[in-house]
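*Asks:* Let me see the structure of the following:
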Amino acid sequence: MSISTSIKSIQDIMRKDVGVDGDAQRIGQLVWMLFLKIFDDKELEWELLGDNYKSPIPEQLRWRNWAADSEGITGDELKAFIDNTLFPGLQQLEPKGKDKRGYVIRSVFEDAYNYMKSGQLIRQVINKIQESVDFNKAQERHLFGDMYEQILRDLQNAGNAGEYYTPRAVTEFMVRMVNPRLGESVLDPACGTGGFLSCAIEHIRKNDVKTVDDEQLLQSSIHGVEKKPLPHLLCTTNMILHGIEVPTNIQHDNTLSRPLRDYTQKDRVDVILTNPPFGGMEEDGIESSFPSNFRTRETADLFLVLIMHLLKAGGRAALVLPDGTLFGEGIKTRIKEELLEKCNLHTIVRLPKGVFNPYTSINTNLLFFTKGTPTKEIWYYEHPYPPGVKSYNKTKPMRIDEFKPEQAWWGTETDGFAHRVENEFAWRVSIEDIKARNYNLDIKNPHTPNAESHDPEKLLKDYFDLQAKIGVTRDQLKGILADALEVSK
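*Replies:* Numbering: from 1, shown residues only. The predicted structure is shown next:
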C-alpha cells in the first residue's frame, strides 16, 4: 500500500469519529501518534547500540506496551487509558538524570490533545500506523519521510495550518544559495514544521559530514523556535526523522516575545533561514520588546528586525517576505534603511503568483543578505513560470529544477557576484537609486515594462487619473440623462 493511500485510509477512519472536526484536528491527532511510534522505533535502535539505555517514558506508556499489539486494549478501556493515563503521564513527565529526551517528550505533549472519542476507531488508526512502515527497516525508513511529506502537503488544505508549509522547492533553493556548512549554527526563528531545518541538515550531511564527531557537531548546530503547538510537534518529529536524536534545540516559544536587548553574543548565529508569518499582527505588548523606532505589531517586520540582530558579523540570511514589506512606508522604511546600512542585501528573487496557494495568493519574494557591510547594489531576479504553466496548484507545485537558471547565474559573494549579468529576468539597482526611491524595494523588471508596479507616486498618479476619467464619464452621463428627461417632457 502506498504512503498516500495509508494516510488517506487513516484519515477516513478518523472522519467516522464524532470528536474530530476538520483536517487540522485529524493531522494533530495523527502526528502525536506518529511521534510515539517513531520514538519507540528509535528506542529499539538505541537499546541495541547501548546496553545502558534507559527510556525516559514509564514502561506502561511506551508505544510497544499499549499500542503495538493489534489485539491489545481497545474501546472504552483504550480511550480511558489515553485520556487519563497516557496524556497526563507524558505532560507531567519528570526527566531522569542528564538525558534530555524526557524534556523533548514533555514539551511536544504540553499542548497535544486526543480529539477522538471512539476507542474502537482509535485502535483502528493505531493498527494502521503500526502496519504502515517499520522505521528500523532500512529499506522502509525513507517511507517515513514520504509519509511526513504527505502530511505536510495535507496541511495546505487545513485552513490556517497551511501557514506552516513552505514548498519544498523554495526551501531547497534557499538552502543551496545560502550554503550552510558544518560548524555553522543554523536558526529558523519561526520554524513551523521544520522544512528549512531539515533541508539544511540534508545539505550539511551531504557536503561535510564524514565522521561520528562531524555528525555530533551537526546535531548541536541546528536551532528552531515555534510558538504554535501543532507545528512544534510536527517539527520535533521531523527532526527525529532526519536523524537529530535529541532535538532539544527546537523550542516551543514565541521568538518575538523576548526583548531584543536580552539577546547576547552567545545567541547570535551564522545562518538564518526562515519564512516568517506575514499578513498578521502580534498581540499587544510584543512590540515593546523592540527599539522604539522599529515598533510595530506586524509580524513580518518584527522578524526582519530580529533576524538582523541575531546574525553574527558575516552571518548569512535568506527569508521569504511579501511585496508589502518591499514597498511599505513609515516604520517599514526605517527597517529597510537599517537593513541596507547594516547588511549587504545582494539579491531579491521575485516569485510568481501562486507559489503558496492555496494558503495565500500574496506576491512573495526571497531576500538574501549578509550582515556586516552596507549594501551597494541589489540584484533582482524575476522567477518565471515554466513553459506551459500559468499557475501552481496542489497537483502541479513548484519544482526545484525551475531554479537551475538562478543557480547557474548566481555566482559567489566573495568576488562581489562579478560574473552576474543582466538578462530578461535579472537586473540590478544601485543604492543611490534605492535611496532616491525612499527605500522602496518594489522595483519592476525593466525588461518587461508593462509589469505591475507598486511605486506609491505612480499609484497615486494612476488613482488621480482614474478619478478624472470617472469625473468626465459622470458628467457625460449627467448630460445624456438631462437630455433624455428634456425630450420626455
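*Asks:* residue ranges for the helices of the stretch 151-300 of the chain, please.
*Replies:* 168-178, 195-207, 212-219, 229-241, 299-310 (DSSP state H, counting those that start in this stretch).
*Asks:* right, so those: which one is the most enclosed?
*Replies:* helix 229-241 (a mean of 25; mean count of other Cβ atoms under 10 Å). The C-beta positions use only the backbone N, C-alpha and C, and glycine is treated the same way.
*Asks:* Can you spell out which helices and strands pack onto it?
*Replies:* When contacts are defined as 3 or more Cβ pairs under 8 Å, 6 or more residues apart in numbering; DSSP states H and E, helix 229-241 sits against helix 23-49, helix 101-109, helix 138-155, helix 195-207, strand 222-226, strand 250-252.
*Asks:* Tell me where the stretch 251-400 of the chain is predicted with low confidence.
*Replies:* Along the stretch 251-400 of the chain, segments meeting pLDDT under 70 span 279-285, 297, 358-360.
*Asks:* do you know which of the helices of the stretch 151-300 of the chain lies nearest Pro397?
*Replies:* With Cβ to Cβ, the closest approach to Pro397 among those belongs to helix 168-178: 7.1 Å.
*Asks:* now that closest one, how far from the centre of its chain.
*Replies:* Centroid separation for helix 168-178 versus its chain: 12 Å, with Cα atoms, centre = their mean, to the nearest Å.
*Asks:* cool, and stretch 419-433?
*Replies:* Distance of stretch 419-433 from its chain centroid, counting by Cα atoms, centre = their mean, is 29 Å.
*Asks:* Endpoints of that stretch, how far apart?
*Replies:* This stretch, stretch 419-433, spans 22 Å end to end (Cα to Cα, to the nearest Å).
*Asks:* try stretch 238-248
*Replies:* 13 Å.
*Asks:* ok, back up a step: in CSV: the helices and strands packed on helix 229-241, plus distance to Asp415.
*Replies:* As requested, the helices and strands packed on helix 229-241 are exported to CSV (distance: least, Cβ to Cβ, whole Å):
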stretch, distance to Asp415
helix 23-49, 44
helix 101-109, 43
helix 138-155, 37
helix 195-207, 21
strand 222-226, 30
strand 250-252, 36
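*Asks:* any idea which of the ones you listed is most buried?
*Replies:* strand 222-226 (a mean of 24).
*Asks:* Spit out the contact partners of the spatially closest residue to Ser185 that is not a sequence neighbour.
*Replies:* Closest residue to Ser185 apart from its sequence neighbours, by Cβ to Cβ, 6 or more residues apart in numbering: Val269 at 4.2 Å. Each residue near Val269 by Cβ atoms under 8 Å, 6 or more residues apart in numbering is listed here: 184-187, 223, 310-312, 315.
*Asks:* Is Val269 bridged to anything, and to what?
*Replies:* For Val269, the beta-bridge partners under DSSP bridges are Leu311.
*Asks:* switch to numbering from 143
*Replies:* In the new count, where the first residue is 143, that last one comes out as Val411.
*Asks:* about what we covered before: which of the helices and strands packed on helix 371-383 has the lowest average pLDDT?
*Replies:* Of all these, helix 280-297 carries the lowest average pLDDT, namely a mean of 64.
*Asks:* can you pull out the strands in the protein?
*Replies:* Secondary structure of the chain (DSSP state E): strands at 328-330, 364-368, 392-394, 411-416, 453-464, 485-492, 506-513, 519-524, 568-572.
*Asks:* In CSV, list those along with distance to Glu555.
*Replies:* Listed next are the strands of the chain as CSV, based on distance: least, Cβ to Cβ, whole Å:
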stretch, distance to Glu555
strand 328-330, 18
strand 364-368, 23
strand 392-394, 29
strand 411-416, 13
strand 453-464, 8
strand 485-492, 6
strand 506-513, 6
strand 519-524, 11
strand 568-572, 14
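*Asks:* Single out the most deeply packed of those strands.
*Replies:* Ranked by mean neighbour count, the strands of the chain are led by strand 328-330 with a mean of 27 (mean count of other Cβ under 10 Å).
*Asks:* Report the rounded mean pLDDT for that one.
*Replies:* Mean per-residue pLDDT for strand 328-330: 97.
*Asks:* Which strands border that strand, and is each parallel or antiparallel?
*Replies:* Sheet pairing here is set by DSSP bridges, and for strand 328-330 it gives strand 364-368 (parallel), strand 411-416 (parallel).
*Asks:* Next, format the ones you listed as JSON lines and append distance to Leu509.
*Replies:* Formatted as JSON lines, those follow (distance: least, Cβ to Cβ, whole Å):
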{"stretch": "strand 364-368", "distance to Leu509": "20"}
{"stretch": "strand 411-416", "distance to Leu509": "11"}
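*Asks:* Which parts of this protein belong to which domain?
*Replies:* With automatic domain parsing as the criterion, the domains of the chain are listed as 145-279, 301-578, 597-631.
*Asks:* among those domains, which is nearest Pro588?
*Replies:* Checking the domains of the chain against Pro588 by Cβ to Cβ gives domain 301-578 as the closest, at 5.5 Å.
*Asks:* Any idea which of the domains of the chain gets closest to Gln292?
*Replies:* domain 145-279 (5.1 Å).
*Asks:* Quick one: distance of that closest one to the chain centre.
*Replies:* That offset, for domain 145-279, works out to 25 Å (Cα atoms, centre = their mean).
*Asks:* rewinding a little: so which of the helices and strands packed on helix 371-383 is nearest Leu220?
*Replies:* Nearest to Leu220 among these is helix 165-191 (12.1 Å), distances taken as Cβ to Cβ.
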